[in-house]
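Have a look at this fold, sequence not included:
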């Protein structure tokens, strides 16, 4: 998605889609740079984390009232926002841009003067040398539409079956543009993730070869930012109850914990902070719908591996 007031190609404005885009941005991330990132999603937060680590002054403008509200429960959104601010990023939630001005630098002597002046609807203003626009994406489906393929009316993606076959049996679609029914969530979704693109490619290859579709994987996402490896299984749902294993310390150098969202003890959604190994042990419970005792899960004196094994044995015996 583009902002009309900050179009692609404007000097100092960056949209990150390709390796060349990333390389161009890297040249502008100097310790003297004032960077404004528009959008507090995965990409925007990762760029802000990198820019801050390189010494730049960084502001993140997010229009939503909390970070990653589509994939994190409120408590985790609040924790992440505190973590971002602790890293020295000026994070502004509910930020709506009212106006932006752009002026090119006159010469090298004025290279640190503002290129951009951004005004928010609340009257706040800021100046920047570098602007990164990361406000989400829309699927590129014009070719599919011209070919007469069915599109999902809810998310705009190319509607595909378990083998990634479109409404035309000889045309397949995979990746961010493909809308596929998710058994675990009981709905059709476009999943914008590295894992999903890989898994759908496998399914499409099997379909083209007339082989059975591989088992549907549980949705998984990951991101590295602010000293944390964040991994997520599934997506939040309104009726989930969360239990936390570990201590979510905002200022710790490498905090380690997992928030597990469950429905009557059955794990549905999890967010692991620097705990990918533990999340891998829990994954089988998600995939097989096996319940876990939330209180024992949250008790770090209870070893995780034997607990998961006991859950599996209990489910097999029932």
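Yes, it's here. This one's a predicted model, so the numbers in the text were calculated from it and none came from an experiment.

How about residue 120, nearest residue that isn't a chain neighbour?
Excluding its sequence neighbours, the residue lying closest to residue 120 (Cβ to Cβ, 6 or more residues apart in numbering) is residue 95, at 5.5 Å. Bear in mind the C-beta positions are built from the backbone N, C-alpha and C, glycine included.

buried set for the host helix or strand of residue 44?
Element membership of residue 44 [criterion: DSSP states H and E] is helix 42-53. Using 16 or more other Cβ atoms under 10 Å as the test for burial, helix 42-53 gives 42-52.

Any chance of these in a markdown table with pLDDT and distance to residue 246 as columns?
What follows is the buried residues of helix 42-53, written out as a markdown table (pLDDT from 0 to 100; distance: Cβ to Cβ, whole Å):
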| residue | pLDDT | distance to residue 246 |
| --- | --- | --- |
| 42 | 95 | 22 |
| 43 | 96 | 27 |
| 44 | 98 | 26 |
| 45 | 98 | 21 |
| 46 | 97 | 23 |
| 47 | 98 | 27 |
| 48 | 98 | 25 |
| 49 | 98 | 21 |
| 50 | 97 | 26 |
| 51 | 97 | 28 |
| 52 | 97 | 25 |
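
any idea of the pLDDT on residue 218?
On pLDDT, residue 218 comes in at 88.

what sits against it?
Residue 218 sits next to 184, 233-234, 283, 286-287 when contact means Cβ atoms under 8 Å, 6 or more residues apart in numbering.

Using the three-state scheme, assign residue 159.
Three-state call for residue 159 (DSSP: H, G, I helix; E, B strand; the rest coil): strand.

Just grab the bridge partners of it for me.
Beta-bridge partners recorded for residue 159 (DSSP bridges): residue 179.

Just to be sure, residue 154 is in a strand?
No. Secondary structure of residue 154 (three-state DSSP): coil, not part of a strand.

Run through who's touching the helix or strand harbouring residue 223.
For residue 223, the element it lies in under DSSP H and E is strand 220-225. For strand 220-225, the surrounding residues in contact (Cβ under 8 Å, 6+ apart) are 42, 45-46, 48-49, 71, 193-195, 229-233, 276.

Give me the angle between that strand and helix 42-53.
For strand 220-225 against helix 42-53, the angle by axes from the mean of the first three to the mean of the last three Cα atoms, to 10 degrees is 20 degrees.

Show me what whatever helix or strand comes next after strand 220-225 is packed up against.
For strand 220-225, the following helix or strand on the C-terminal side (DSSP H and E) is strand 228-233. When contacts are defined as 3 or more Cβ pairs under 8 Å, 6 or more residues apart in numbering; DSSP states H and E, strand 228-233 sits against strand 220-225, strand 266-273, helix 276-288.

The following helix or strand past strand 228-233 packs against which elements?
Later in the chain than strand 228-233, the nearest helix or strand by DSSP H and E is strand 241-246. Applying 3+ Cβ pairs under 8 Å, 6+ apart, we find strand 241-246 packed against strand 257-263, helix 294-298.

Out of those, which one sits most buried?
strand 257-263 (a mean of 21; mean count of other Cβ atoms under 10 Å).

ok, residues contacting that one?
Strand 257-263 has contacts (Cβ under 8 Å, 6+ apart) with 73, 75-76, 234, 236-237, 239-248, 267-273, 275, 278-279, 282, 291-292, 294, 297.

where does residue 235 sit relative to residue 267, distance-wise?
As judged by Cβ to Cβ, to the nearest Å, residue 235 and residue 267 stand 13 Å apart.

Stretch 123-131 - what's its average pLDDT?
If you average the pLDDT values across stretch 123-131, you get 95.

ok now it, how far from the chain's centre?
25 Å (Cα atoms, centre = their mean, to the nearest Å).

Start and end of it, how far apart?
19 Å (Cα to Cα, to the nearest Å).

residues in contact with the most centrally placed residue in the chain?
In the chain, the C-alpha nearest the mean C-alpha coordinate belongs to residue 42, at 4.0 Å (Cα atoms, centre = their mean). Taking Cβ under 8 Å, 6+ apart, we find residue 42 in contact with 68, 221, 223.
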